[in-house]
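J.: Show me how the following folds:
(one chain, ligands or ions: 1)
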Amino acid sequence: MIAINNLSYGYSKQKPLFEDLNLSQNNGNIIGLLGKNGAGKTTLLKLISGLLEIQKGELTVNGFEPFKRVPDFLSNIFFVSDDPFLPSLTIKAYLKVYGALYKNFDFEKMHKIIDAFELKADKKLKNMSFGQQKKFIIAFALSTNCSVLLLDEPTNGLDIPSKKIFRKVLVDFIEDDQLVIISTHQVKDVETLIDKIVHIENGRIVFEKDVFKITEKFQFKTVNTISGLLDVKYSEKCPGGYRVIIPVIENEETELDIELLFNAISNNVEINI
Ligand SMILES: Nc1ncnc2c1ncn2[C@@H]1O[C@H](COP(=O)(O)OP(=O)(O)OP(=O)(O)O)[C@@H](O)[C@H]1O
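T.: Next comes the predicted model:
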(Lines give C-alpha, C1' and ligand atoms only; values in the text may rest on other atoms or scores of the structure.)
Protein backbone atom coordinates (compact mmCIF):
# COMPACT_ATOMS: atom_id res chain seq x y z
CA MET A 1 0.00 0.00 0.00
CA ILE A 2 1.19 3.49 -0.86
CA ALA A 3 0.11 6.52 1.16
CA ILE A 4 1.24 10.00 0.15
CA ASN A 5 0.08 13.06 2.06
CA ASN A 6 0.91 16.65 1.16
CA LEU A 7 4.18 15.64 -0.44
CA SER A 8 6.50 18.34 -1.74
CA TYR A 9 9.59 17.71 -3.78
CA GLY A 10 11.72 19.74 -6.17
CA TYR A 11 15.14 19.35 -7.70
CA SER A 12 15.66 23.06 -7.08
CA LYS A 13 14.35 24.98 -4.06
CA GLN A 14 13.06 27.81 -6.29
CA LYS A 15 10.79 25.64 -8.39
CA PRO A 16 9.18 22.63 -6.66
CA LEU A 17 7.99 19.85 -8.93
CA PHE A 18 5.36 18.56 -6.50
CA GLU A 19 3.50 20.67 -3.97
CA ASP A 20 0.98 19.11 -1.58
CA LEU A 21 0.63 15.97 -3.66
CA ASN A 22 -1.77 13.36 -2.28
CA LEU A 23 -2.18 9.80 -3.46
CA SER A 24 -3.35 6.66 -1.75
CA GLN A 25 -3.29 3.28 -3.48
CA ASN A 26 -4.16 -0.15 -2.16
CA ASN A 27 -2.72 -3.45 -3.27
CA GLY A 28 -4.64 -5.38 -5.88
CA ASN A 29 -4.53 -2.62 -8.49
CA ILE A 30 -2.63 -2.08 -11.73
CA ILE A 31 -2.29 1.66 -12.15
CA GLY A 32 -1.46 3.53 -15.33
CA LEU A 33 0.57 6.60 -14.36
CA LEU A 34 0.19 9.18 -17.11
CA GLY A 35 1.43 12.71 -17.70
CA LYS A 36 3.26 14.79 -20.28
CA ASN A 37 7.05 14.77 -20.60
CA GLY A 38 8.54 16.29 -17.48
CA ALA A 39 5.33 15.98 -15.44
CA GLY A 40 7.23 14.07 -12.75
CA LYS A 41 6.27 10.41 -13.27
CA THR A 42 9.81 9.04 -12.93
CA THR A 43 10.49 11.34 -9.98
CA LEU A 44 7.39 10.05 -8.22
CA LEU A 45 8.46 6.43 -8.80
CA LYS A 46 11.93 7.26 -7.44
CA LEU A 47 10.40 8.83 -4.32
CA ILE A 48 8.17 5.78 -3.79
CA SER A 49 11.12 3.41 -4.21
CA GLY A 50 13.33 5.44 -1.86
CA LEU A 51 15.87 6.56 -4.45
CA LEU A 52 14.97 10.19 -3.66
CA GLU A 53 14.07 11.74 -0.33
CA ILE A 54 10.83 13.66 0.13
CA GLN A 55 11.27 17.26 1.27
CA LYS A 56 7.89 17.83 2.94
CA GLY A 57 4.83 15.79 3.80
CA GLU A 58 4.52 12.03 4.29
CA LEU A 59 5.15 9.04 2.09
CA THR A 60 4.84 5.45 3.27
CA VAL A 61 4.93 2.18 1.37
CA ASN A 62 3.61 -0.82 3.30
CA GLY A 63 4.10 1.33 6.40
CA PHE A 64 7.79 2.04 5.68
CA GLU A 65 9.41 5.38 4.88
CA PRO A 66 11.10 4.53 1.57
CA PHE A 67 14.24 6.68 1.90
CA LYS A 68 15.25 4.83 5.08
CA ARG A 69 15.65 1.81 2.77
CA VAL A 70 15.40 -0.81 5.50
CA PRO A 71 15.82 -4.43 4.29
CA ASP A 72 12.15 -5.39 4.90
CA PHE A 73 11.09 -2.48 2.69
CA LEU A 74 13.64 -3.17 -0.05
CA SER A 75 12.81 -6.87 -0.28
CA ASN A 76 9.17 -6.09 -0.99
CA ILE A 77 9.39 -3.40 -3.70
CA PHE A 78 10.91 -3.51 -7.18
CA PHE A 79 11.53 -0.55 -9.48
CA VAL A 80 12.14 -1.28 -13.16
CA SER A 81 13.75 1.91 -14.43
CA ASP A 82 13.53 3.04 -18.04
CA ASP A 83 17.26 2.39 -18.43
CA PRO A 84 18.15 -0.51 -16.11
CA PHE A 85 21.73 -0.94 -14.94
CA LEU A 86 22.77 -4.57 -15.13
CA PRO A 87 26.09 -6.10 -14.02
CA SER A 88 28.39 -8.24 -16.14
CA LEU A 89 26.81 -11.56 -15.14
CA THR A 90 24.90 -14.27 -16.98
CA ILE A 91 21.19 -14.54 -16.29
CA LYS A 92 21.89 -17.72 -14.32
CA ALA A 93 24.51 -16.04 -12.11
CA TYR A 94 22.35 -12.93 -11.62
CA LEU A 95 19.44 -15.07 -10.40
CA LYS A 96 21.67 -16.85 -7.91
CA VAL A 97 22.99 -13.60 -6.42
CA TYR A 98 19.98 -11.28 -6.62
CA GLY A 99 17.09 -13.77 -6.43
CA ALA A 100 18.20 -14.55 -2.88
CA LEU A 101 17.44 -10.95 -1.81
CA TYR A 102 13.71 -11.50 -2.29
CA LYS A 103 12.12 -13.93 0.14
CA ASN A 104 9.26 -14.84 -2.22
CA PHE A 105 11.38 -15.10 -5.38
CA ASP A 106 9.79 -17.64 -7.72
CA PHE A 107 12.46 -19.32 -9.88
CA GLU A 108 9.89 -21.37 -11.78
CA LYS A 109 8.01 -18.21 -12.75
CA MET A 110 11.32 -16.63 -13.83
CA HIS A 111 12.14 -19.55 -16.12
CA LYS A 112 8.66 -19.48 -17.64
CA ILE A 113 8.94 -15.76 -18.40
CA ILE A 114 12.49 -15.89 -19.80
CA ASP A 115 11.32 -18.77 -22.03
CA ALA A 116 8.32 -16.72 -23.15
CA PHE A 117 10.66 -13.80 -23.98
CA GLU A 118 13.10 -16.23 -25.68
CA LEU A 119 16.06 -15.22 -23.49
CA LYS A 120 19.03 -17.54 -22.91
CA ALA A 121 20.02 -18.17 -19.27
CA ASP A 122 23.73 -18.59 -20.08
CA LYS A 123 24.05 -15.26 -21.89
CA LYS A 124 25.79 -12.29 -20.21
CA LEU A 125 23.39 -9.46 -19.43
CA LYS A 126 25.91 -6.85 -20.58
CA ASN A 127 26.07 -8.48 -24.03
CA MET A 128 22.32 -8.34 -24.52
CA SER A 129 20.50 -5.72 -26.57
CA PHE A 130 18.57 -2.99 -24.76
CA GLY A 131 15.25 -4.73 -25.52
CA GLN A 132 16.56 -8.08 -24.22
CA GLN A 133 17.81 -6.40 -21.04
CA LYS A 134 14.39 -4.78 -20.56
CA LYS A 135 12.67 -8.14 -20.97
CA PHE A 136 15.06 -9.73 -18.48
CA ILE A 137 14.48 -7.11 -15.81
CA ILE A 138 10.69 -7.24 -16.31
CA ALA A 139 10.87 -11.04 -15.88
CA PHE A 140 12.98 -10.60 -12.74
CA ALA A 141 10.64 -7.95 -11.31
CA LEU A 142 7.59 -10.17 -11.76
CA SER A 143 9.40 -13.16 -10.26
CA THR A 144 10.30 -11.30 -7.05
CA ASN A 145 6.57 -11.38 -6.12
CA CYS A 146 7.17 -8.05 -4.39
CA SER A 147 4.13 -6.38 -2.92
CA VAL A 148 4.82 -3.20 -4.95
CA LEU A 149 6.10 -3.19 -8.55
CA LEU A 150 7.02 0.07 -10.25
CA LEU A 151 7.51 -0.13 -14.02
CA ASP A 152 8.86 2.96 -15.79
CA GLU A 153 8.25 2.81 -19.55
CA PRO A 154 8.45 -1.02 -19.49
CA THR A 155 7.69 -1.52 -23.19
CA ASN A 156 10.23 1.04 -24.37
CA GLY A 157 12.68 -0.95 -26.54
CA LEU A 158 10.46 -4.02 -26.92
CA ASP A 159 9.67 -5.16 -30.46
CA ILE A 160 6.08 -5.81 -31.55
CA PRO A 161 5.96 -9.57 -30.69
CA SER A 162 7.62 -8.88 -27.32
CA LYS A 163 4.99 -6.27 -26.46
CA LYS A 164 2.32 -8.91 -26.98
CA ILE A 165 4.25 -11.35 -24.75
CA PHE A 166 4.71 -8.55 -22.19
CA ARG A 167 0.93 -8.11 -21.95
CA LYS A 168 0.43 -11.85 -21.61
CA VAL A 169 3.06 -12.32 -18.89
CA LEU A 170 1.61 -9.45 -16.90
CA VAL A 171 -1.86 -10.97 -17.10
CA ASP A 172 -0.52 -14.43 -16.23
CA PHE A 173 1.99 -13.56 -13.52
CA ILE A 174 0.87 -10.48 -11.59
CA GLU A 175 -0.55 -11.71 -8.28
CA ASP A 176 -3.93 -10.47 -7.04
CA ASP A 177 -2.43 -8.86 -3.94
CA GLN A 178 0.26 -6.84 -5.74
CA LEU A 179 0.20 -3.12 -6.40
CA VAL A 180 1.64 -2.35 -9.83
CA ILE A 181 2.28 1.16 -11.15
CA ILE A 182 3.11 1.44 -14.83
CA SER A 183 4.33 4.80 -16.09
CA THR A 184 4.15 4.97 -19.86
CA HIS A 185 3.53 7.02 -22.97
CA GLN A 186 2.98 3.84 -24.97
CA VAL A 187 -0.57 3.57 -23.73
CA LYS A 188 -1.74 1.02 -26.31
CA ASP A 189 0.71 -1.46 -24.76
CA VAL A 190 -1.04 -1.35 -21.39
CA GLU A 191 -4.59 -0.34 -22.29
CA THR A 192 -6.08 -3.75 -21.58
CA LEU A 193 -4.08 -4.32 -18.40
CA ILE A 194 -4.66 -1.38 -16.16
CA ASP A 195 -7.61 -0.93 -13.87
CA LYS A 196 -6.94 2.61 -12.68
CA ILE A 197 -5.67 5.82 -14.29
CA VAL A 198 -3.62 8.41 -12.42
CA HIS A 199 -2.73 11.52 -14.40
CA ILE A 200 -0.14 14.05 -13.16
CA GLU A 201 0.02 17.61 -14.40
CA ASN A 202 1.77 20.67 -13.00
CA GLY A 203 2.92 18.79 -9.93
CA ARG A 204 -0.54 17.57 -8.98
CA ILE A 205 -2.75 14.56 -9.52
CA VAL A 206 -5.43 15.99 -11.81
CA PHE A 207 -7.28 12.73 -12.52
CA GLU A 208 -7.56 9.49 -10.56
CA LYS A 209 -10.29 7.05 -11.55
CA ASP A 210 -11.04 3.35 -11.90
CA VAL A 211 -11.23 2.20 -15.51
CA PHE A 212 -14.55 0.41 -14.96
CA LYS A 213 -16.08 3.60 -13.56
CA ILE A 214 -14.88 5.61 -16.57
CA THR A 215 -16.29 3.12 -19.10
CA GLU A 216 -19.51 2.81 -17.13
CA LYS A 217 -20.09 6.52 -17.67
CA PHE A 218 -18.37 7.32 -20.96
CA GLN A 219 -18.10 5.79 -24.42
CA PHE A 220 -14.94 6.08 -26.50
CA LYS A 221 -15.72 5.68 -30.17
CA THR A 222 -15.11 6.80 -33.74
CA VAL A 223 -18.02 8.45 -35.55
CA ASN A 224 -18.42 9.90 -39.06
CA THR A 225 -19.76 13.22 -37.83
CA ILE A 226 -20.31 14.95 -34.53
CA SER A 227 -23.22 17.05 -35.72
CA GLY A 228 -26.33 15.79 -33.99
CA LEU A 229 -24.38 14.19 -31.13
CA LEU A 230 -25.49 15.51 -27.78
CA ASP A 231 -23.07 16.22 -24.95
CA VAL A 232 -19.74 15.52 -26.64
CA LYS A 233 -17.20 15.72 -23.81
CA TYR A 234 -14.20 15.68 -26.14
CA SER A 235 -13.60 15.11 -29.84
CA GLU A 236 -10.69 15.08 -32.22
CA LYS A 237 -10.48 14.61 -35.96
CA CYS A 238 -9.20 11.32 -37.32
CA PRO A 239 -9.19 9.77 -40.81
CA GLY A 240 -12.82 9.26 -41.77
CA GLY A 241 -14.39 11.16 -38.89
CA TYR A 242 -13.94 11.94 -35.23
CA ARG A 243 -12.85 10.13 -32.10
CA VAL A 244 -15.22 11.15 -29.36
CA ILE A 245 -15.87 10.80 -25.67
CA ILE A 246 -19.61 10.87 -24.98
CA PRO A 247 -21.79 9.71 -22.10
CA VAL A 248 -22.82 6.04 -22.19
CA ILE A 249 -26.24 5.61 -23.76
CA GLU A 250 -28.43 2.63 -22.85
CA ASN A 251 -25.68 0.57 -21.19
CA GLU A 252 -23.73 0.49 -24.44
CA GLU A 253 -20.24 0.44 -22.92
CA THR A 254 -17.03 0.60 -24.98
CA GLU A 255 -13.41 -0.11 -24.14
CA LEU A 256 -11.33 2.71 -22.72
CA ASP A 257 -9.23 4.64 -25.24
CA ILE A 258 -6.45 5.90 -22.97
CA GLU A 259 -4.91 8.14 -25.61
CA LEU A 260 -8.20 9.95 -26.15
CA LEU A 261 -8.74 10.25 -22.40
CA PHE A 262 -5.18 11.57 -21.99
CA ASN A 263 -5.77 14.21 -24.67
CA ALA A 264 -9.08 15.22 -23.09
CA ILE A 265 -7.51 15.63 -19.65
CA SER A 266 -4.53 17.52 -21.11
CA ASN A 267 -7.02 19.88 -22.76
CA ASN A 268 -8.61 20.53 -19.36
CA VAL A 269 -11.83 18.71 -20.22
CA GLU A 270 -13.69 17.76 -17.04
CA ILE A 271 -14.42 14.04 -16.98
CA ASN A 272 -16.64 13.94 -13.92
CA ILE A 273 -17.60 10.57 -12.59
N1 LIG B 1 18.30 14.80 -11.61
C2 LIG B 1 17.57 15.86 -11.95
N3 LIG B 1 18.03 17.12 -11.69
C4 LIG B 1 17.29 18.21 -11.99
N5 LIG B 1 16.07 18.16 -12.59
C6 LIG B 1 15.58 16.94 -12.88
C7 LIG B 1 16.30 15.74 -12.58
N8 LIG B 1 15.56 14.69 -12.99
C9 LIG B 1 14.43 15.21 -13.52
N10 LIG B 1 14.44 16.55 -13.46
C11 LIG B 1 13.37 17.46 -13.91
O12 LIG B 1 12.18 17.14 -13.18
C13 LIG B 1 11.05 17.20 -14.03
C14 LIG B 1 10.31 15.87 -13.99
O15 LIG B 1 11.14 14.87 -14.57
P16 LIG B 1 10.66 13.35 -14.65
O17 LIG B 1 11.75 12.59 -15.31
O18 LIG B 1 10.21 12.92 -13.31
O19 LIG B 1 9.40 13.49 -15.61
P20 LIG B 1 8.59 12.38 -16.41
O21 LIG B 1 7.15 12.69 -16.21
O22 LIG B 1 9.05 11.03 -16.02
O23 LIG B 1 9.02 12.72 -17.90
P24 LIG B 1 9.10 11.81 -19.22
O25 LIG B 1 7.69 11.49 -19.60
O26 LIG B 1 9.75 12.73 -20.20
O27 LIG B 1 9.93 10.61 -18.89
C28 LIG B 1 11.56 17.60 -15.41
O29 LIG B 1 11.39 18.97 -15.60
C30 LIG B 1 13.02 17.24 -15.36
O31 LIG B 1 13.78 18.09 -16.18
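J.: quick one, strands of the stretch 151-273 of the chain?
T.: 179-183, 196-201, 204-210, 218-223, 234-238, 241-247 (DSSP state E, counting those that start in this stretch).
J.: okay if I get these as CSV plus mean neighbour count and distance to the ligand?
T.: Glycine gets a C-beta too; all of them are placed from N, C-alpha and C. Below are these laid out as CSV (neighbours: other Cβ atoms under 10 Å; distance: least, Cβ to the nearest ligand atom, whole Å):
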stretch, mean neighbour count, distance to the ligand
strand 179-183, 25, 6
strand 196-201, 21, 7
strand 204-210, 16, 13
strand 218-223, 19, 23
strand 234-238, 14, 21
strand 241-247, 18, 23
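J.: Could I get those in a markdown table, plus columns for mean pLDDT and distance to D82?
T.: Below are those laid out as a markdown table (pLDDT from 0 to 100; distance: least, Cβ to Cβ, whole Å):
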| stretch | mean pLDDT | distance to D82 |
| --- | --- | --- |
| strand 179-183 | 98 | 9 |
| strand 196-201 | 96 | 16 |
| strand 204-210 | 94 | 21 |
| strand 218-223 | 95 | 28 |
| strand 234-238 | 96 | 28 |
| strand 241-247 | 96 | 28 |
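J.: Format the ones you listed as JSON lines; extra columns: distance to P84.
T.: What follows is the strands of the stretch 151-273 of the chain, written out as JSON lines (distance: least, Cβ to Cβ, whole Å):
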{"stretch": "strand 179-183", "distance to P84": "14"}
{"stretch": "strand 196-201", "distance to P84": "23"}
{"stretch": "strand 204-210", "distance to P84": "27"}
{"stretch": "strand 218-223", "distance to P84": "33"}
{"stretch": "strand 234-238", "distance to P84": "35"}
{"stretch": "strand 241-247", "distance to P84": "35"}
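J.: Can you say which of those strands is nearest to S88?
T.: Across the strands of the stretch 151-273 of the chain, S88 has its closest neighbour in strand 179-183 (28.0 Å, Cβ to Cβ).
J.: ok, the closest one: who's next to it in the sheet?
T.: strand 29-34 (parallel), strand 148-152 (parallel) (DSSP bridges).
J.: what's the angle from it to strand 196-201?
T.: 40 degrees (axes from the mean of the first three to the mean of the last three Cα atoms, to 10 degrees).
J.: got the contact list for strand 179-183?
T.: Contacts with strand 179-183, where a contact means Cβ atoms under 8 Å, 6 or more residues apart in numbering, come from 1-2, 25-34, 41-42, 45, 48, 147-154, 170, 174, 190, 193-194, 198.
J.: what's the pLDDT at I4?
T.: Per-residue pLDDT puts I4 at 97.
J.: which SS state does the nearest residue to it once chain neighbours are set aside fall under?
T.: Excluding the flanking residues, the one nearest I4 by Cβ to Cβ, 6 or more residues apart in numbering is L23, at 4.4 Å. Here L23 is recorded as strand under DSSP: H, G, I helix; E, B strand; the rest coil.
J.: just checking, L23 touches F207?
T.: No. Counting by Cβ atoms under 8 Å, L23 sits too far from F207 to count as a contact (11.7 Å).
J.: Now do the shared contacts for the two.
T.: V198.
J.: domains in the chain, as residue ranges please.
T.: Annotated domains of the chain cover 2-202, 211-266 [automatic domain parsing].
J.: can I get the ones you listed in JSON lines with distance to N272?
T.: Formatted as JSON lines, the domains of the chain follow (distance: least, Cβ to Cβ, whole Å):
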{"stretch": "domain 2-202", "distance to N272": "14"}
{"stretch": "domain 211-266", "distance to N272": "8"}
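J.: so which of those domains is the most packed in?
T.: Among the domains of the chain, ranked by average contacts under mean count of other Cβ atoms under 10 Å, first place goes to domain 2-202 (a mean of 17).
J.: how much space between G63 and V148?
T.: 12 Å (Cβ to Cβ, to the nearest Å).
J.: actually A121, sorry about that
T.: Taking Cβ to Cβ, one finds A121 at 27 Å from V148.
J.: Over to Q132?
T.: Counting by Cβ to Cβ - Q132 and V148 are separated by 25 Å.
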